[in-house]
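Participant: need a structure here:
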Amino acid sequence: MRAYLSKSLTQNTAAAQLFRFALVGVIVNAALYGIYLALTYFGMGPKTAATLTYVLGLYVNFLAHKKITFINASSARRQWAPFIVLSLLVYAVNIGGLYLLVDKVGFPHQAVQAFMIVLCAAISFVLQKTIIFKAV
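Facilitator: Here you go, the predicted structure:
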């Protein structure tokens with residue numbers, strides 16, 4: 001296990017990237033989900049809270065995935081704008097899911113947001129790997 005963990009943290013294979021993406025994602029999204037729950041507990045609406053947590057996590061996610069997940073040395077300036085577009089796309093999926101499943105169907109927002117985190121993470125990994133931080 002220790003050898004696998006060591007390889008996963010230092011190699012830049014697709015499997016290692018997926019492992020690091022999941023590790024970074026769990027840490028960052030657990031913190032953001034905690035903030036989301038706190039904001040909604042204190043009266044903020046679910047979509048507003050989701051928006052705020054996206055904004056808070058945007059820069060942290062960019063740096064973490066650039067430096068840790070994909071070990072990418074390309075210019076951050078050229079990657080930032082496409083990353084923002086990708087983030088807006090994922091945000092739209094997230095808010096659309098909240099709207100459909102909470103507002104229209106009536107599921108609890110806590111469960112829906114937890115599901116949306118997983119779905120949006122999968123979309124984000126594929127697009128970051130193939131477009132934003134692709135190997136040159």
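
Participant: Let's check: the centremost residue of the chain is which one?
Facilitator: Residue closest to the average C-alpha location in the chain (CA atoms, centre = their mean): A121, at 4.9 Å.

Participant: and it, how far is that from V24?
Facilitator: Using CB to CB, to the nearest Å, one gets 10 Å for the distance from A121 to V24. (Each C-beta comes from the backbone N, C-alpha and C, glycine too.)

Participant: Could you report the separation of the residue nearest to the centre of the chain from A92?
Facilitator: Distance of A121 to A92, given as CB to CB: 15 Å.

Participant: thinking again about what came up before, please, which helix or strand holds the closest residue to the residue nearest to the centre of the chain other than its chain neighbours?
Facilitator: Of all residues not flanking A121 in the chain, G25 sits nearest, at 5.2 Å (CB to CB, 6 or more residues apart in numbering). Per DSSP states H and E: G25 is located in helix 14-41.

Participant: Centre of the chain to that helix, how far?
Facilitator: Counting by CA atoms, centre = their mean, to the nearest Å, helix 14-41 is centred 7 Å from the centre of its parent chain.

Participant: Which strands and helices lie in contact with that helix?
Facilitator: On a contact count with 3 or more CB pairs under 8 Å, 6 or more residues apart in numbering; DSSP states H and E, helix 14-41 meets helix 2-10, helix 46-64, helix 109-127.

Participant: Remind me what the second one packs against, helices and strands.
Facilitator: The contact analysis (3+ CB pairs under 8 Å, 6+ apart) places helix 46-64 against helix 14-41, helix 76-98, helix 109-127.

Participant: buried set for it?
Facilitator: Neighbour-count burial for helix 46-64, counted by 16 or more other CB atoms under 10 Å, picks out P46, A49, A50, T53, Y54, G57, L58, N61, F62, A64.
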